[in-house]
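Colleague: take this sequence and fold it.
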Amino acid sequence: MRPFHRERRRSVEDTRDRRTVKEKATAVLSIAIVFYLVLLGDGNRGLVLPTLNRYIYKLGGTSLELGMANSGFSLGRMLVAPLYGYWMDSTSPGAVFLFSSCVCFLCNIMYTAAGKFSDGLTVVVVSRTVLGVGASVLGIGRAYVSKVTNKSQRTAYFSFLSAIQYAGFTLFSGISLFKDAGFTVFGMKITMDTLPGLVLTLLYAIGIGSLLLLANDLFKSTEELSPPVEEVEEGNELQEPLLSSVANAELVPEVDQPTRRVQFSETISNVPETNGSDSNGVSDAEATDGMSRSSSQQSLSGAGEKVTWLAYVFILLNFSVRLVLAVLETLGPYVLLYLLKRAGQVSVPDALFHCSLFFVTVGVTGLFVFAIVWALSSCAQDRHMLAAGLILMCIGTGFLIDPHDKEVGKEISLARFAFGFTMAWAVGYPVTQTVVVSALSKVLDKKRQGLWMGHLAAAGSAGRIVGPIFAGWIYQAMDSNTAFLPFTLTFSVTSLATILVFFFWKELADNPRVIPSLASYSNLVSVPK
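Modeller: Numbers count the residues shown, from 1 in each chain. Predicted coordinates:
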């Protein structure tokens, strides 16, 4: 074992001995606060979305203002996600969370009281857009989890974090199952249209209080945050992320006796041994050091390029998956309502109730899938789970394709739609989303987690903007009933994402071992003097 690893292992053991029960409890509380704020971040979408259209229509708006409010929310999240990541890496997670929570608190107050303003419609649109700026905390939450967990724990933690996010925009929509509240707060009449804003305001007040009053580690700098100790098995040395300060250090392997290293290449076959120096007065040690340094630099360059490509692959996958999810979210309710009314078994009000109940049920199914991902995280490779999740999404979106769109009597059945939607939205998506985030975090060191996770979140928000716009336009232009062309496009996007994963199959292997101290000497041989 190298001296560096001996020293690191010794310092880690000392840290473990000094940890107290209070410090462990503080760490648990910190990550619980992060999960709570991530839940609220996506709850800003899920809690409001079922009643937003009715609220805007009551204030005199149309589908144009509705689209502006929804797109503005996603646009705000997309624009600030990388900036939040940079801010977090430069200061602390707590500063970002506190700022974003205060923004969300104020915006939800404005949303609730919009009816009190002369131009309440503008207040709603502006508050939703600025709310997107405050609610863009998913990338920060992911980065924090990456900084305080080991690689072996990360997929499990991300499965739980993704489940929290998933619950935010699915289960919170169940508020539409209830009737009008009908009470007054500070002169504001609380109805089902304004109740989501009031609930979110109170929940954010709790979040701000938790950040400021409870003992937590969120206001520590990036350098102060560290994961718990991970046991190192004999013969399995510590591995660093591809982009880490340790991996970029010049490490010299430990030797027990003087050695002479000979590099084998096409141009160098025999190196005569001299008495400690060559004809130009350069010693063997200096020559060896030069060769190893040059090889190390080449290895670092290759490692950096590999990480960059992998990061872009994960970002592209996240964009694709979130685009598909957004299209299903946007058109799914329309198609489901059409199929329910076509069946003739329920009235229009009952169809709305059954539609909400369907999405809540699908959301609960997705949470069970996240639990399965958590259970498999310790025994399954990330790339295998990623491929499986995308294939399941392909199957689901494939079942949704209806070539008999607008042919009454031949259109897709309600059972087939429910199966395909559940397979894509509640089974394939949870698996894919969890692994994409976890796999990206494993090739980055903690100093870069915030920025790259911000880019990842921004790509997801971009997918949520692009997908609904194009899918909604196509659905409306074709006067479609079962969204044949939009669902065909989602199947195509998912298929291309699956092909991309298999194209980079070798590079996506778990625990890439590109450490300069090993690669630098891969083409050297030690010969005893």
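
Colleague: list the contacts of stretch 200-215.
Modeller: With CB atoms under 8 Å, 6 or more residues apart in numbering as the contact definition, stretch 200-215 has outside contacts at 26, 29, 33, 36-37, 40, 43-44, 47-48, 94, 97-98, 101-102, 104-105, 108-109, 112, 216, 218. (Each C-beta comes from the backbone N, C-alpha and C, glycine too.)

Colleague: hey, C-alpha coordinates of that stretch in CSV?
Modeller: Extracted C-alpha coordinates of stretch 200-215, given in CSV (Å, rounded to 0.1, in the frame of the first residue of the first chain):
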residue,chain,number,x,y,z
LEU,A,200,-46.6,26.2,0.6
THR,A,201,-46.1,29.5,2.5
LEU,A,202,-46.5,27.8,5.8
LEU,A,203,-44.2,24.9,4.8
TYR,A,204,-41.5,27.3,3.7
ALA,A,205,-41.7,29.1,7.0
ILE,A,206,-41.0,25.8,8.7
GLY,A,207,-38.1,25.2,6.3
ILE,A,208,-36.5,28.7,7.0
GLY,A,209,-36.9,28.2,10.7
SER,A,210,-35.2,24.8,10.5
LEU,A,211,-32.2,26.2,8.6
LEU,A,212,-31.7,29.1,11.1
LEU,A,213,-32.7,27.5,14.4
LEU,A,214,-31.7,23.8,14.3
ALA,A,215,-28.1,22.7,14.5
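
Colleague: mean confidence for that stretch?
Modeller: Averaged across stretch 200-215, the pLDDT comes to 94.

Colleague: likewise for stretch 459-474?
Modeller: 83.

Colleague: report the buried residues of it.
Modeller: Using 16 or more other CB atoms under 10 Å as the test for burial, stretch 459-474 gives 459-469, 471-472, 474.

Colleague: with just CA atoms, put that stretch into CSV.
Modeller: This file holds the C-alpha atoms of stretch 459-474, laid out as CSV (Å, rounded to 0.1, in the frame of the first residue of the first chain):
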residue,chain,number,x,y,z
ALA,A,459,-30.8,20.3,-18.7
GLY,A,460,-33.7,18.7,-17.0
SER,A,461,-35.6,22.0,-16.8
ALA,A,462,-34.8,22.6,-20.5
GLY,A,463,-36.4,19.3,-21.3
ARG,A,464,-39.4,20.2,-19.3
ILE,A,465,-39.7,23.4,-21.4
VAL,A,466,-39.0,22.1,-24.8
GLY,A,467,-41.1,18.9,-24.5
PRO,A,468,-44.5,20.4,-23.6
ILE,A,469,-44.2,23.3,-26.0
PHE,A,470,-43.6,21.1,-29.1
ALA,A,471,-45.8,18.2,-28.0
GLY,A,472,-48.7,20.6,-27.1
TRP,A,473,-48.4,22.4,-30.4
ILE,A,474,-48.4,19.2,-32.4
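
Colleague: Arg197 is in what secondary structure piece?
Modeller: Rather than Arg, residue 197 is Gly. helix 195-213 (DSSP states H and E).

Colleague: now do the buried residues in that helix.
Modeller: In helix 195-213, counting by 16+ other CB under 10 Å, buried: 195-201, 203-204, 207-208, 210-211.

Colleague: for the stretch 401-529 of the chain, what spans make up the helices?
Modeller: Using DSSP state H, counting those that start in this stretch, the helices of the stretch 401-529 of the chain run over residues 414-422, 429-441, 449-477, 484-503, 516-519.

Colleague: same thing with the stretch 1-150 of the chain?
Modeller: Ranges of helices within the stretch 1-150 of the chain are 3-18, 21-46, 49-58, 63-90, 93-112, 120-134, 138-148, based on DSSP H, counting those that start in this stretch.

Colleague: need the contact partners of the shortest one.
Modeller: With CB under 8 Å, 6+ apart as the test, helix 49-58 has contacts from 62, 65-66, 69-70, 114, 121, 124, 128, 169, 173, 175-176, 192-196, 356.

Colleague: got the contact list for Leu386?
Modeller: Per CB under 8 Å, 6+ apart, neighbours of Leu386: Leu317, Val431, Thr432, Val435, Val436, Ala439, Val501, Leu508.

Colleague: kindly apply the preceding question to Ile401 instead.
Modeller: Phe484, Phe487, Thr488, Phe491.

Colleague: so Val435 touches Asp382, yeah?
Modeller: Yes. Val435 lies in contact with Asp382 (CB atoms under 8 Å); the separation is 5.1 Å.

Colleague: of those two, who's got more company?
Modeller: Val435 (31 against 21; other CB atoms under 10 Å).
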